[in-house]
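Enquirer: build the 3D model from these lines:
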Amino acid sequence: MGSGEFQPWAGPAEIAAISVAHGDGSVAILATASAPEGEAVFQRWNEQGLRHYESLRIPARVLAVRDREDAQDPETARSVRAASLVFFSGGNPSYLRATLVDTRLFSAIEELLAAGGVYGGCSAGAMVAGAQLPGGRGLARFAWGQGLSLVEGHIFGVHWDAPMMLPFRTVLSGRVPPDFQFLGIGEDTSIFSAAEGWLVSGKGAVEQRHEGRRQRYTAAETIPY
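Expert: Modelled structure (predicted):
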């Protein structure tokens, strides 16, 4: 998701994802990326997540992972492996990546995906799903090209249609090597990995840049892999 996690617009895509996912039908909510903003912000995202999934009648639980010590907790890892969807809300992508890499929690996420579960993320949570580029550089707190390689060959941009992104769009997408696919996801917009490609849903659009081509996709359209 480019932005807008835990809002009504996101529900249909999440229901569709869980309906085809391995696991117990539940969502594991992680607001880890917001931890540097303080406990009140961290708890607010957790509460919003619980209310959102309750409204969808999807069982959900909060995994209170604030730092690398929490990410090494064996019980947290077990909880992730049991879920159908693990969802990371927004915040600081550089902090999120540093918290997850080489931990029990990250290994559990990889096991969940291998078993047929789903990874979901918004803003920071979406950015870190992408590939790690050699020599990838950050821009302010944004870990551009420094993902966790959950989706190889892809780099994800977020808030792509927001005014704050306009000065950076050409520079950022220009840093992506031609053999990688770049997807700039608009606000209140999501993509879901289906058999034919990335299925777009939500209110905005997704910009694809790949091998010198540039194309725009909106809700119900599919972006080829």
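Enquirer: could you export stretch 50-70 as CSV, CA atoms only?
Expert: Provided in CSV are the C-alpha atoms of stretch 50-70 (Å, rounded to 0.1, in the frame of the first residue of the first chain):
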residue,chain,number,x,y,z
LEU,A,50,-7.3,-4.0,15.6
ARG,A,51,-10.4,-1.9,15.0
HIS,A,52,-9.9,-2.2,11.3
TYR,A,53,-9.7,-5.9,11.2
GLU,A,54,-12.5,-6.3,13.7
SER,A,55,-14.7,-4.3,11.3
LEU,A,56,-13.8,-6.8,8.6
ARG,A,57,-14.4,-9.8,10.9
ILE,A,58,-10.9,-10.9,10.5
PRO,A,59,-9.1,-12.1,13.7
ALA,A,60,-6.0,-10.1,14.4
ARG,A,61,-3.4,-9.8,17.1
VAL,A,62,-0.7,-7.2,17.8
LEU,A,63,2.9,-8.2,17.9
ALA,A,64,4.7,-5.5,20.0
VAL,A,65,8.0,-5.5,18.2
ARG,A,66,9.7,-2.2,18.9
ASP,A,67,13.4,-3.2,18.4
ARG,A,68,15.8,-6.0,17.5
GLU,A,69,15.5,-7.6,21.0
ASP,A,70,11.7,-7.9,20.5
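Enquirer: what is the mean pLDDT for that stretch?
Expert: Mean per-residue pLDDT for stretch 50-70: 98.
Enquirer: just stretch 18-34 next, same as before
Expert: For stretch 18-34, mean pLDDT is 97.
Enquirer: got it, and stretch 88-95?
Expert: 95.
Enquirer: what do you get for stretch 131-139?
Expert: In the prediction, stretch 131-139 has an average pLDDT of 67.
Enquirer: how about stretch 98-117?
Expert: On average, stretch 98-117 scores 97.
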